[in-house]
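Participant: need the 3D shape of this:
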Amino acid sequence: MTFGDLTDQEKLLLEQRTSAFFNLAGVRAQEVLGASDTGLSTRKIYKILANAIQDWTWLSFRVRDRKEFKFRGIGGLTWIPHRFGALGLVRPHIQYTVTFHYGLFPNIIDLVAADEYAKYGCVSKEESGTRRIVFPSYLTYEVLRKLPVEGNEQHFWSKLVEVYARLDGDSLDAMASCRTRTTAAHSLWIQFVHWKREMGIALDRLREDDPVLMDQKTKESVRKKVESARACMHSITAKMGFRQNLGQYVERVKSAAATTELSNYHPCLDELDPPKTPTLDFDKFVRLYPYLAAMNEICEECLKQTDILPATTIADLGVIEQRLQELGRFGSIRRTLIDPRRWFTLLRPPKDKNKEIARLCLELITELFRAFEQELTLPIARPTEHYSDFLARHYPLPVDHFLPGF
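Facilitator: Prediction:
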């Protein structure tokens, strides 16, 4: 997904359009929810945007008999599979002095402080540990008239936002992440990427330093990585459940849209045909998940042995043997890596082989993910590399059908 070579003026126009869409969404969602005092959590905004972006794109692509659905692009608003479930993020095209996650996406809290976004009156605040954005109660007619967004675009964008603002968290997440087989596959792919990264960092640190000698700050950083890996596993099972029960979430969207002129079109469940990545197969990820779960459980048992986790326990050798046997059914794994005797030698008391345990776990993870890549015909790279590749080659929405202009 690229925007081609743009002049500085075109980049500014694109950013102004992005900012206008973002603020229109915030004002409308806040109004629907009666949240003018508290504002909206960043999670709520991200999820509403992730859904509205998909419908906006497909409405203009497939409803060709209605001129009012002929839209220009959506600026830098981008659908992104994320470890927190799919989000609608801003991909800026002008310079900002803020941190960019993965070199691409700024935290929206930082962005709303910039002049291009703050000029509409939105401000950020923190409430009970939750970061929120408070939008103005309304945008005046004069402001709306001058927006770089046409009247029909303002109208339908606000309608899309209104529908999704009414949904509960699970419905928003399910529709943002799993409404099609392709988006669901992307949502699992990114969890595989992050699990490998988070658990790998934790084990790599344990391979270098014995927990007995670690200071408390270092131990805590390792624990956070383990918690992040656990969150990935939870997210995978949640996303598979969302996809399996998608019908109920689709019905909730239809119910929310029933009294609007979008009722005959909403939600859009379209996919690219042919897909950009024929090998991006949701069913393949589902089939591979039990092997990842087995690997995760082996790591969890081994982490008990290192005393890095708060609870003082010992590894359950029976569980490890069962999970190694399960990995043995995945034919691409070397037998020497899943021989229980090799693991039991390290895991039996005394607890003095932490580095060796971590090294063996890392070796098995590397072997397993190499096999995953072969099975999926897809890379499982670091998150930054993953997102660059995703935007360049795998973006699952049409992008070349919009009316010209910014």
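Participant: what about residue 128, how many residues close to it?
Facilitator: 5 (other CB atoms under 10 Å). Using the backbone N, CA and C atoms, a C-beta is placed for each residue, glycine as well.
Participant: how near is it to residue 41?
Facilitator: Separation of residue 128 from residue 41 (CB to CB, to the nearest Å): 10 Å.
Participant: can you give me the end-to-end span of stretch 202-214?
Facilitator: Using CA to CA, to the nearest Å, the end-to-end distance of stretch 202-214 comes to 13 Å.
Participant: list the contacts of that stretch.
Facilitator: 218-219, 221-222, 225-226, 229, 299, 303, 306-308, 354-355, 357-359, 361-362, 365 (CB atoms under 8 Å, 6 or more residues apart in numbering).
Participant: mind giving me the PyMOL select for these, buried ones only?
Facilitator: Selection command for PyMOL covering only the buried members of the contacts of stretch 202-214, criterion 16 or more other CB atoms under 10 Å:
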select buried, resi 219+222+225+226+229+299+303+306+307+308+354+355+357+358+359+361+362+365
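Participant: which of the contacts of stretch 202-214 fall within helices?
Facilitator: When DSSP state H is applied, the contacts of stretch 202-214 are split such that 218-219, 221-222, 225-226, 229, 299, 303, 306, 354-355, 357-359, 361-362, 365 fall in helices.
Participant: strands of the chain, start to end?
Facilitator: Along the chain, the stretches classed as strands by DSSP state E are 40-41, 77-80, 87-90, 100-101, 105-106, 123-127, 130-134.
Participant: and the last one, what does it pack onto?
Facilitator: In this case it means strand 130-134. Packing contacts for strand 130-134, counted by 3 or more CB pairs under 8 Å, 6 or more residues apart in numbering; DSSP states H and E, involve strand 40-41, helix 42-62, helix 108-111, strand 123-127.
Participant: give me whichever of those is most buried.
Facilitator: Highest mean neighbour count of the helices and strands packed on strand 130-134: helix 42-62, a mean of 23 (counted as mean count of other CB atoms under 10 Å).
Participant: now that one: average pLDDT?
Facilitator: Helix 42-62 shows a mean pLDDT of 94.
Participant: and it, what does it pack against?
Facilitator: Using 3+ CB pairs under 8 Å, 6+ apart: helix 42-62 touches helix 8-33, strand 77-80, strand 87-90, helix 108-111, strand 130-134, helix 151-165, helix 169-178.
Participant: isn't residue 383 right next to residue 191, touching?
Facilitator: No. The criterion here is CB atoms under 8 Å, and residue 383 misses it with residue 191 at 11.1 Å.
Participant: between the two, which one's more packed in?
Facilitator: Neighbours per residue (other CB under 10 Å) separate residue 383 from residue 191, with residue 191 holding more: 27 against 18.
Participant: any idea of the pLDDT on the more buried one?
Facilitator: 97.
Participant: so who does it touch?
Facilitator: Contacts of residue 191 (CB under 8 Å, 6+ apart): 83, 232, 233, 235, 236, 239.
Participant: ok, the third one to residue 291 distance?
Facilitator: What that stands for is residue 233. For residue 233, the distance to residue 291 - CB to CB - is 12 Å.
Participant: one more: the first one?
Facilitator: From residue 83 across to residue 291, the span is 20 Å (CB to CB).
Participant: same question for the fifth one.
Facilitator: Distance of residue 236 to residue 291, computed by CB to CB: 12 Å.
Participant: where does the stretch 301-406 of the chain dip in pLDDT?
Facilitator: Along the stretch 301-406 of the chain, the parts satisfying pLDDT under 70 run over 311-312, 350-351, 405-406.
Participant: try it again at 90.
Facilitator: For the stretch 301-406 of the chain, residues meeting the criterion pLDDT under 90 lie at 304-315, 331-332, 346-355, 398-406.
Participant: which residue ranges of it form helices?
Facilitator: 317-328, 340-347, 354-376, 383-389 (DSSP state H, counting those that start in this stretch).
Participant: mind listing what the residue nearest in space to the middle of the chain touches?
Facilitator: Note on the chain: the residue nearest the mean C-alpha position is residue 82, at 1.2 Å, using CA atoms, centre = their mean. Residues in contact with residue 82, defined by CB under 8 Å, 6+ apart, are 89, 190.
Participant: can you tell me how far residue 370 sits from residue 380?
Facilitator: Taking CB to CB, one finds residue 370 at 9 Å from residue 380.
Participant: comparing those two, which residue is more hemmed in?
Facilitator: residue 380 (19 against 13).
Participant: if I pick the residue nearest to residue 110 when sequence neighbours are not counted, what's in contact with it?
Facilitator: Excluding its sequence neighbours, the residue lying closest to residue 110 (CB to CB, 6 or more residues apart in numbering) is residue 98, at 3.9 Å. Residue 98 makes contact with 106, 107, 110, 111, 114 under the criterion CB under 8 Å, 6+ apart.
Participant: which of the residues you listed sits closest to residue 178?
Facilitator: Nearest to residue 178 among the contacts of residue 98, counting by CB to CB, is residue 107 at 24.8 Å.
Participant: can you report how many residues neighbour the closest one?
Facilitator: 16.
Participant: doesn't residue 92 make contact with it?
Facilitator: No. Between residue 107 and residue 92 there is no contact under CB under 8 Å: 11.7 Å.
Participant: next one: the residue nearest to the centre of the chain from residue 226, what distance?
Facilitator: 20 Å.
Participant: which residues are contacting stretch 376-383?
Facilitator: Contacts of stretch 376-383 (CB under 8 Å, 6+ apart): 102, 189-190, 192-194, 196-197, 277, 279-281, 284-285, 288, 369, 372-373, 385-386, 389.
Participant: so which bits of it are buried?
Facilitator: For stretch 376-383, by 16+ other CB under 10 Å, it's 376, 378, 380, 383.
Participant: hang on, the earlier thing: which of the helices and strands packed on helix 42-62 sits closest to residue 249?
Facilitator: helix 169-178 (4.2 Å).
Participant: let me see the mean pLDDT of that closest one.
Facilitator: 98.
Participant: what's it in contact with?
Facilitator: Contacts for helix 169-178 (CB under 8 Å, 6+ apart): 44, 47-48, 50-51, 54, 81, 85-88, 164, 167, 183-184, 187, 238-239, 242-243, 245-246, 249-250, 252-253, 267.
Participant: show the buried residues in these.
Facilitator: 44, 47-48, 50-51, 54, 81, 85-88, 164, 167, 183-184, 187, 238-239, 242-243, 246, 249-250, 252-253, 267.
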